[in-house]
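S.K.: Show me the folded form of this:
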Amino acid sequence: MAMQTEIIMEPITAGTFCWNELAVWDTEIASAFYCALFGWTIDTNEHGPMPYTMFKMGEHPVCGMILMDADWPEDCPSHWGCYISSDDVDATAKKAVELGGMLCCEPQEAGDEGRFAVITDPTGAVVSVFKGGDGKNPNGHGSFCWNELLTDDMDTATEFYTSLLGWTAVPNETSAEPYTLLMNGEVWVGGMMKMQWEGNPSWLGYVSVASVDESITRAIELGATVYVEPSDMPGIGRFAVFADPTGATIAIFTAVSECCGDSCGCSNE
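M.R.: Numbers count the residues shown, from 1 in each chain. Sure thing, here's the model as predicted:
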């Protein structure tokens, strides 16, 4: 999870996370919050079947945002979602159903950008698969650096994702709570945690920041609700989890090598 300080663009390969997207009922509130917190800017395309907002860090797209409308269930909360790159969206969607998942959204074109499908895994978490785009992925402060599945059935989730995507699941023996690391070939792509609380299984995205403590202070000033106070992951970094003013949950992360001794609560030693 170590990150570049400045944004760079890296190639995407099948089985890796390639995009994060916010679905909200109020895009103005969300835009104001994230632009003030992370320094993002927005670029909204008003053409096509529905407006789409691109969040950018400098000139680089880092994630997107869609406005939920009357086609969405009224009780659907604002939320962040993630996309995994696939060489064949239709085949991946078909296999997901064969493995016990369900399709929230059948394979279809994403305008001129590519093709996607939205899947609910057998534990109830929603994830999307996508093929298209420019084959680049942002890496650096202000971009998403990790995606983590929160589920109440790690065995079922492990069987599903390893069979669907060819991932390898590696239990983390040093974690205080059950935690599994997910590998795509030789690359760490994400993690999976056993839920110790009530709620629906979901994927949680982490954004890289220079200082978790400074960012969480700013997030609170902007109206965020903190779920997990800034905490250390020994030898890895520091993180926090919060809900933005629309209610969508997101996490922030600073790698241990980027901390400044005791000033951020962790040590480089």
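
S.K.: Tell me where the stretch 1-150 of the chain has strands.
M.R.: Assigned by DSSP state E, counting those that start in this stretch, the strands in the stretch 1-150 of the chain fall at 8-11, 17-24, 41-45, 52-57, 60-67, 79-85, 102-109, 114-120, 126-132, 136-139, 144-151.

S.K.: what does the stretch 151-269 of the chain give?
M.R.: For the stretch 151-269 of the chain, the strands defined by DSSP E, counting those that start in this stretch occupy 168-171, 179-184, 187-194, 202-208, 225-233, 237-243, 249-255.

S.K.: Going by mean pLDDT, which of the strands of the stretch 1-150 of the chain comes out lowest?
M.R.: Note on the strands of the stretch 1-150 of the chain: lowest mean pLDDT is at strand 8-11, with a mean of 68.

S.K.: tell me the contacts of Cys104?
M.R.: Taking C-beta atoms under 8 Å, 6 or more residues apart in numbering, we find Cys104 in contact with Val118, Ile119, Thr120, Val126. (Each C-beta comes from the backbone N, C-alpha and C, glycine too.)

S.K.: The same query, at a cut-off of 6 Å, please.
M.R.: Shown in contact with Cys104 (C-beta atoms under 6 Å, 6 or more residues apart in numbering): Val118, Thr120.

S.K.: dump the residue contacts of the spatially most central residue of the chain.
M.R.: Of all residues in the chain, the one closest to the mean position by C-alpha atoms, centre = their mean is Gly205, 2.8 Å from it. When contacts are counted by C-beta under 6 Å, 6+ apart, Gly205 is found next to Asn20, Trp80, Cys82, Phe144, Asn147.

S.K.: Show the model's pLDDT score for it.
M.R.: 97.

S.K.: Would you mind telling me which of the strands of the stretch 151-269 of the chain is nearest Trp40?
M.R.: Distance to Trp40, taken as C-beta to C-beta, is lowest for strand 202-208 among these, at 9.8 Å.

S.K.: strands paired with the closest one, and their directions?
M.R.: Take DSSP bridges as the rule and strand 202-208 pairs in its sheet with strand 144-151 (antiparallel), strand 249-255 (parallel).

S.K.: Return the distance of it from the chain's centre.
M.R.: 4 Å (C-alpha atoms, centre = their mean, to the nearest Å).

S.K.: How about stretch 96-109?
M.R.: Distance of stretch 96-109 from its chain centroid, counting by C-alpha atoms, centre = their mean, is 19 Å.

S.K.: Equivalent analysis for stretch 95-107, please.
M.R.: Distance of stretch 95-107 from the chain centroid (C-alpha atoms, centre = their mean) equals 20 Å.

S.K.: what do you get for stretch 205-219?
M.R.: 15 Å.

S.K.: This completes my enquiry, with thanks.
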